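*Asks:* Need coordinates for the below:
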Amino acid sequence: MELPEGLKVNPEKEETVTLENRVYACYAIETPLITPGMRIEDIVRRYAAPHLRAGDILLISEKMLACSQGKARPIAEIRPGFWAKRLCRHVRKTDYGIGLSLPETMQCAIEECGLPRILLASAVGALGRLLGKKGWFYRIAGYKAASVDGPCVFTIPPYNRYVVPAPDRPRKIAREMQKLTGNQVLIIDCNDIGGRILGNSGPRAEEGRYLQILQQNPLGQSTEQTPMGILRRISEKE
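*Replies:* Sure thing, here's the model as predicted:
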């Protein structure tokens, strides 16, 4: 299938995904490096709007939104406190990301969520580990803790040396971007093992379906420089 002009499919990603006999196209949109001061409205209007058709769903990376809001912080400028240094020791490191295993990323989570909530989440998480249960920490801490991105060698510079917390007001901004484009908007936090929808301008009942379609993480998470994309229903199989 010939790609629509201005759209791309990232390496190791599939152009189409079939779910329940429906076929969806997953396109990525390349942009310049997003830096503080770049208005999300201008980014969407210039780089996404020209490619949107009726019925398309616009995908916006939560990391791009956070960077445009000026929330990305050089790791060298973060000063972890007492609790950040201690709590991070109990976070299990994984192959897909640093998470809150660094004092600097834990400090950002504390600042985003508040220390009482992080302490409660840590206690509940410890109980969960004793019971052989995973994920209890983030159930209490919330999406702002889960969305903190730490520095990574695979991330496009200079953000490979930054900590990027969750964006502010993702649901409100999703609705604003729908007013701008006329299309449903999803603000997504995805990686190669899963994801979540932080902002959705449309019915939330369909979010489970969207997450299944987006399992392949079509926007990528390293140096692709494609922080937006389009989800387009293209056919229905018999």
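*Asks:* give me the element residue 123 is part of.
*Replies:* Per DSSP states H and E: residue 123 is located in helix 115-130.
*Asks:* what mean pLDDT would you report for the helix or strand that that helix is followed by?
*Replies:* Using DSSP H and E, the helix or strand that directly follows helix 115-130 along the chain is helix 136-141. Average pLDDT, helix 136-141: 92.
*Asks:* next one: stretch 182-201
*Replies:* What stretch 182-201 shows for mean pLDDT is 89.
*Asks:* In that stretch, which residues are buried?
*Replies:* By neighbour count on 16 or more other C-beta atoms under 10 Å, the buried set for stretch 182-201 is 183-190, 195, 197-201. Where you see a C-beta, it was placed from the backbone N, CA and C, and this is true even at glycine.
*Asks:* Can you give me the end-to-end span of it?
*Replies:* Stretch 182-201 has an end-to-end distance of 11 Å (C-alpha to C-alpha, to the nearest Å).
*Asks:* Now stretch 68-77: average pLDDT?
*Replies:* pLDDT averaged over stretch 68-77 gives 95.
*Asks:* now stretch 102-112
*Replies:* Mean per-residue pLDDT for stretch 102-112: 96.
*Asks:* what does stretch 152-170 give?
*Replies:* 91.
*Asks:* Return the distance of that stretch from the chain's centre.
*Replies:* 10 Å (C-alpha atoms, centre = their mean, to the nearest Å).
*Asks:* Show residues contacting it.
*Replies:* The contact list for stretch 152-170, computed with C-beta atoms under 8 Å, 6 or more residues apart in numbering, reads 33, 62-63, 65-67, 69, 71-76, 78, 97-98, 104-105, 108-109, 111-112, 143-144, 147-151, 173, 187, 189, 198-199, 221-223, 225.
*Asks:* could I get it in PDB with only the CA atoms?
*Replies:* Extracted in PDB, the C-alpha atoms of stretch 152-170 (Å, rounded to 0.1, in the frame of the first residue of the first chain):
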ATOM      1  CA  CYS A 152      17.900   6.800  28.200                       C
ATOM      2  CA  VAL A 153      20.700   6.300  25.600                       C
ATOM      3  CA  PHE A 154      18.100   5.500  22.900                       C
ATOM      4  CA  THR A 155      16.200   8.800  23.300                       C
ATOM      5  CA  ILE A 156      16.800  11.600  20.900                       C
ATOM      6  CA  PRO A 157      19.300  14.200  22.300                       C
ATOM      7  CA  PRO A 158      19.200  16.300  24.300                       C
ATOM      8  CA  TYR A 159      16.400  14.400  26.000                       C
ATOM      9  CA  ASN A 160      18.600  11.400  26.600                       C
ATOM     10  CA  ARG A 161      19.900  13.400  29.600                       C
ATOM     11  CA  TYR A 162      16.500  14.700  30.800                       C
ATOM     12  CA  VAL A 163      13.800  13.600  33.100                       C
ATOM     13  CA  VAL A 164      10.300  14.200  31.600                       C
ATOM     14  CA  PRO A 165       7.300  14.100  33.900                       C
ATOM     15  CA  ALA A 166       3.700  13.600  32.800                       C
ATOM     16  CA  PRO A 167       2.100  16.500  30.900                       C
ATOM     17  CA  ASP A 168      -0.300  18.900  32.600                       C
ATOM     18  CA  ARG A 169      -4.100  18.700  31.800                       C
ATOM     19  CA  PRO A 170      -3.900  16.000  29.100                       C
END
